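**Student:** predicted model, plus sequence, below.
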Amino acid sequence: MIRDPLIFAATSDLAGKMRGKAFPASQLEKRLERGIGWVPTNALITCFDTIAESPFGSLGDLAIMPDRDASYEIDFEDGTPPERFILGDITTPEGAPWLGCTRGALRSALDRLHRVTGLTLNAAFEHEFQLRTDTPAMGEAFTLQGLSRRRAMGEALVAAMAQAGLGEDTFLKEYGAEQFEVTVKPAPGLASADIAAVLRELIHFTARRHGEKATLSPILDPAGVGNGVHIHMSFLDESGAPATHDGNGPCGMTEITGQFIAGILAHLDAIIAFAAPSAISYTRLTPHRWSAAFNNLGFRDREAAVRICPVQGTDPASIARQYNFEFRAADATASPHLVLAAVVHAGCQGIEDALPMPEATEEDLSLLSENALAERGLGALPSDLATALDRLEASDTVRGWFADGLVDVYLAHKRGELDHAMSLDEEARLAAYATVY
Ligand code: GLU
Ligand code: MG
């Protein structure tokens, strides 16, 4: 059959979906210069294909400007056409950054970090996902048999990641039924979010080519495990040397690391609307699921919103290189760019406000009363998306971090999604998210 290769110019949007338009590969140079037409109201398309109330209506024009450095071509060598796509920024027709561009939002957060501290961020997003089947296998948590049953798919995924330059790290049969996890190596801030957005697509491409349906939905069944997105972070100084660890600091944190984490925890109840932005995300964010239910720091404790991760060995230089902390409250219904932007801004706020370094909790916080938690500056995370969106709306500090109008567009988008999700009963709601993510 005749074929002219198409390149999909993509924006990773507010819903964490990769949307855009394709053009013939032969026109790449022209499209790099002129972009491809886009529409403001597209930012209000929810994950369910409903359009939330749009402040833009039918007005206005934008362009997706492809970024030559974020171009991907993956050939599965199975007779299907290679997947070709290129990430871009959304601009106005005059070329100015557009408020709803998630890459732009992340770039300005990373600029703020650099301005405030002289540091740059390295990050790596870990993803958990499940294969959807009516007959999930039992007894396969972390087993060789569980991995072996999906080895072909896992090896294809790792090969696709290598072709895409995502920095493949590990692939594992996670604890849950038909649950897997894939990790990547750390990369500079913007690239780390691009990698996360691309990896989600590769998981779906690969599963589909193996006759499977993958889902990254935060939870399929309230009685089962959740699928988390854990964001590992560390800092580098101007010379590229590690700058996160201080052997004499509490839990090994430098003062800046401690203030940065304190900022995340202080603003978590507002930024959680970016990290856990679906109507079912809050079922995952409950105690004893190894996710996050409180705004606490954990030292090598997986029941924490932010965790100081383990390091291997005793060599101080190696420890400084490995040392990192992990934000555990996100899931794959979040835009990787927006959640990282929100986390970085919150961290910068903590540094600018010189917040005290947080103490790591060591006990089961679900056993403490609200007062006992409050005495230690801790609190439960919002228990549903509507509350999380209200907290975001009420935080002038958080709104001030983003381009004018972004938070309002985001709130409208998410409230539109919530209306649809809540028109379904719980079983249908869980199934709907499992289908679209
Ligand atoms: N599945 C857990 C979550 O929802 C994480 C388990 C783990 O620590 O890997 O975040
Ligand atoms: Mg895991």
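**Tutor:** Happy to help now that I have it. Ligands and ions are numbered 1, 2, ... in the order given.
**Student:** which strand residues bridge the residue of the stretch 51-200 of the chain at minimum distance from ligand 1?
**Tutor:** Nearest to ligand 1 in the stretch 51-200 of the chain, going by Cβ to the nearest ligand atom, is residue 128, at a distance of 5.3 Å. Every residue, glycine included, has its C-beta placed from N, CA and C. Assessed by DSSP bridges, residue 128 has beta-bridge partners residue 181.
**Student:** hang on, it packs against residue 224?
**Tutor:** No: Residue 128 lies out of contact with residue 224 (Cβ atoms under 8 Å); the separation is 11.9 Å.
**Student:** common neighbours of the two, please.
**Tutor:** Shared contacts of residue 128 and residue 224 (Cβ atoms under 8 Å, 6 or more residues apart in numbering): residue 176.
**Student:** same drill for those two, tell me which one is more crowded.
**Tutor:** A count of neighbours by other Cβ atoms under 10 Å puts residue 128 above the other of residue 128 and residue 224, at 23 against 16.
**Student:** any idea how far the more buried one is from residue 327?
**Tutor:** 15 Å (Cβ to Cβ, to the nearest Å).
**Student:** cool, residue 58 as well?
**Tutor:** Using Cβ to Cβ, residue 58 is found at 38 Å from residue 327.
**Student:** ok, those two, which is more surrounded?
**Tutor:** Higher neighbour count among residue 58 and residue 327: residue 327, with 28 against 8, using other Cβ under 10 Å.
**Student:** which helix or strand contains that one?
**Tutor:** strand 325-330 (DSSP states H and E).
**Student:** list the buried residues of stretch 274-289.
**Tutor:** Neighbour counts over stretch 274-289 (16 or more other Cβ atoms under 10 Å) mark 274-286, 289 as buried.
**Student:** try stretch 50-67
**Tutor:** By 16+ other Cβ under 10 Å, the buried positions in stretch 50-67 come out as 52, 54, 56, 62-67.
**Student:** swap in stretch 356-366?
**Tutor:** Buried residues in stretch 356-366, counted by 16+ other Cβ under 10 Å: 357-358, 360-361, 365.
**Student:** mind listing what residue 351 touches?
**Tutor:** By Cβ under 8 Å, 6+ apart, the residues touching residue 351 are 116-117, 256, 259-260, 263.
**Student:** let me redo that: residue 175
**Tutor:** If a contact means Cβ under 8 Å, 6+ apart, then residue 175 has 141-142, 225 as its contacts.
**Student:** and the residue nearest the centre of this protein?
**Tutor:** With distances taken as Cα atoms, centre = their mean, the residue of the chain nearest its centroid is residue 336 (3.2 Å).
**Student:** from residue 340, how far out is the closest residue to it other than its chain neighbours?
**Tutor:** Spatially, and ignoring its direct neighbours in sequence, residue 336 is nearest to residue 196 (3.7 Å; Cβ to Cβ, 6 or more residues apart in numbering). The gap separating residue 196 from residue 340 is 8 Å, by Cβ to Cβ.
**Student:** can you tell me which residues in the stretch 251-400 of the chain are near ligand 1?
**Tutor:** Residues of the stretch 251-400 of the chain lying close to ligand 1 (Cβ under 6 Å from any ligand atom) are 284, 289-291, 302, 328.
**Student:** who are the contact partners of the residue in the stretch 201-350 of the chain positioned nearest to ligand 1?
**Tutor:** Closest approach of the stretch 201-350 of the chain to ligand 1 (Cβ to the nearest ligand atom) occurs at residue 228, with a separation of 2.3 Å. Neighbour list for residue 228: 126, 128, 218, 284, 290-291, 328, 330-331 [criterion: Cβ under 8 Å, 6+ apart].
**Student:** what comes up buried for whichever helix in the chain runs longest?
**Tutor:** Ranked by residue count and defined by DSSP state H, the top helix of the chain is helix 189-209. Buried residues in helix 189-209, counted by 16+ other Cβ under 10 Å: 189-207, 209.
**Student:** just checking: what are the partner strands of whatever helix or strand comes next after that helix?
**Tutor:** Sequence order places strand 214-215 as the next helix or strand after helix 189-209, per DSSP H and E. Taking DSSP bridges as the criterion, strand 214-215 sits next to strand 120-131 (antiparallel) in its sheet.
**Student:** so how far is the partner strand off the chain centroid?
**Tutor:** In terms of Cα atoms, centre = their mean, to the nearest Å, the centre of strand 120-131 is set 7 Å apart from its chain centre.
**Student:** for the helix or strand that comes right after that strand, name the packing helices and strands.
**Tutor:** Remark: after strand 120-131, the chain's next helix or strand is helix 144-149, criterion DSSP H and E. On a contact count with 3 or more Cβ pairs under 8 Å, 6 or more residues apart in numbering; DSSP states H and E, helix 144-149 meets strand 168-173.
**Student:** so is the strand it packs on next to ligand 1?
**Tutor:** No: if you take Cβ under 6 Å from any ligand atom as the test, strand 168-173 misses ligand 1, and the best it gets is 9.2 Å.
**Student:** what angle separates that strand from helix 189-209?
**Tutor:** 40 degrees (axes from the mean of the first three to the mean of the last three Cα atoms, to 10 degrees).
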